[in-house]
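Engineer: Just need the structure, nothing else, for what follows:
(one chain, ligands or ions: 1)
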Amino acid sequence: MFRILRMPSDSIWQDPELSKRLARYRAICKGEKTARYLIAKKTPVKNPVNSENDIEDLWNNHDETREVFNIILNNIDKGKTTLTELKTPTTNFLDLKTKIADKIIENCHFCERRCYVNRKVGEKGVCKVGVNSIVSSAFLHVGEEPPLVPSGTIFFASCVFKCVFCQNYDISQNLQGDEVEYTYLVDLQRKLISEGAININWVGGDPIPNVHNILHSLRELDKNIVQLWNSNMYLSQESMSLLVDIMDFWLPDLKFRENSFAKRMSGIENYWEVVTRNIKYAYTVGSREIIIRHLCMPNRIEIDTFPILDWVNHEVPLSFVNIMAQYRPEYRAHRSEYQDINRRVSSAEMQLARDYADKKGIAWRQV
Ligand code: SF4
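Structural biologist: Numbers count the residues shown, from 1 in each chain. This next block holds a predicted model:
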């Protein structure tokens with residue numbers, strides 16, 4: 001991800017928009033509210049789960065259980081009950097989600113590439129990730145947006161995008177890292193929390209191929225810590241449905257408006273429809289605590305940045321937008337066919353983007 005190094009500061013919360021829009025997030029950080037995944041673990045499944053269930057049964061059960069989850073979440077948030085007062089169910093909402101994820105990976109559609117390969121028997125799709133995850137690094141990150149630091153970042157290798165300008169191609173395309181089981185993710189989270197992380201930041205490359213291992217790891221964790229999804233957001237609807245209840249915070253990229261440009265840059269189809277669908281779902285069904293990262297690119301301010309800011313303004317208006325100037329031509333962006341992106345973004349272009357955001361009333365200065 002493209003970040004400038006910054007240090008955390010409590011004074012940022014004096015900003016009224018920040019403290020209002022990210023109130024629940026901040027309350028979890030302070031131990032005053034409960035992380036969603038812990039509530040999912042106290043939510044009993046609506047119908048018994050057994051080995052006869054096919055994936056359709058599990059999804060029906062999931063969607064009915066979500067209603068129970070939302071009631072419990074509401075009751076806990078309003079102080080009508082506490083986590084400790086609730087019984088521990090035999091099978092909980094997170095168990096059910098994990099079971100579904102274990103089925104999805106046999107016919108993989110964690111992302112909208114929809115490779116439909118069986119990763120459990122060694123087949124690999126576009127991301128080239130098997131059942132185990134590949135972790136390239138994990139550390140306390142102080143370069144994320146001010147409200148998020150110090151952030152317990154876990155960087156997975158591999159990405160479902162093939163961006164020609166990728167700054168992290170050693171991780172995203174060359175898959176540098178260690179192959180690990182989900183138990184290692186549990187240990188990493190505990191370590192990052194003990195070091196002072198205020199959230200667990202699932203990132204990469206991209207975390208999408210690892211949904212199953214993340215869910216398994218959360219079944220074993222019991223710390224009240226924000227779960228944060230930091231991604232290109234090219235998830236399938238099914239993955240979104242698994243994550244939307246348990247992620248407390250969303251940090252999605254929104255790069256391109258034009259699908260043809262997205263295809264040329266990142267090798268993916270239907271970029272706009274998929275990514276905006278998922279961000280809107282996180283906004284309407286999920287926590288609504290979102291910072292959208294928009295990477296400004298050379299020669300693209302009017303074509304991508306303006307319509308993206310318009311969309312945010314209309315569709316997800318309480319989201320913050322990080323208008324990023326960090327683009328630099330890397331990896332394949334120096335090749336002759338990419339001359340249009342073979343330079344940094346000018347300060348005049350950045351000014352144009354920020355002026356437009358101000359005109360539209362977008363909250364960007366806080367992040
Ligand atoms: S995560 Fe996406 S790219 Fe990887 S195998 Fe599954 S569907 Fe394919």
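Engineer: which residues touch the nearest residue to L140 once chain neighbours are set aside?
Structural biologist: Excluding its sequence neighbours, the residue lying closest to L140 (CB to CB, 6 or more residues apart in numbering) is P150, at 4.7 Å. Quick note: C-beta positions are derived from backbone N, CA and C, even for glycine. Applying CB atoms under 8 Å, 6 or more residues apart in numbering to P150 gives the contacts 8, 140-142, 195-198.
Engineer: Only whichever of the residues you listed are buried, select them in PyMOL.
Structural biologist: Buried members of the contacts of P150, defined by 16 or more other CB atoms under 10 Å, are picked up in PyMOL with:
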select buried, resi 140+141+197+198
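Engineer: of the contacts of P150, closest to R288?
Structural biologist: Nearest to R288 among the contacts of P150, counting by CB to CB, is I198 at 19.0 Å.
Engineer: Contact residues of the protein facing the ligand?
Structural biologist: For the chain, the residues in contact with the ligand (CB under 6 Å from any ligand atom) are 108-111, 113-115, 117, 125-127, 129, 160, 208-209.
Engineer: go with 5 Å
Structural biologist: Applying CB under 5 Å from any ligand atom, one finds that the chain approaches the ligand through 108, 110-111, 113, 115, 125-127, 160, 209.
Engineer: any idea which of those residues has the most stuff around it?
Structural biologist: P209 (31 neighbours; other CB atoms under 10 Å).
Engineer: which residue is nearest the centroid of this structure?
Structural biologist: Among the residues of the chain, W229 comes closest to the average C-alpha position under CA atoms, centre = their mean, at 2.3 Å.
Engineer: That residue against I246, yeah?
Structural biologist: No. Applying CB atoms under 8 Å as the test, W229 and I246 come out as separate, 9.4 Å apart.
Engineer: so is whatever residue of the stretch 201-350 of the chain ends up closest to the ligand in a helix, a strand, or just coil?
Structural biologist: Residue nearest to the ligand within the stretch 201-350 of the chain: P209 (3.9 Å; CB to the nearest ligand atom). Assigned with DSSP: H, G, I helix; E, B strand; the rest coil, P209 falls in the helix class.
Engineer: and it, what pLDDT?
Structural biologist: Here the pLDDT value assigned to P209 is 98.
Engineer: For the residue in the stretch 51-200 of the chain positioned nearest to the ligand, which non-adjacent residue is spatially closest?
Structural biologist: Per CB to the nearest ligand atom, G125 is where the stretch 51-200 of the chain lies closest to the ligand, at 2.5 Å. Spatial nearest neighbour of G125, chain neighbours left out: C115 (2.8 Å); criterion: CB to CB, 6+ apart.
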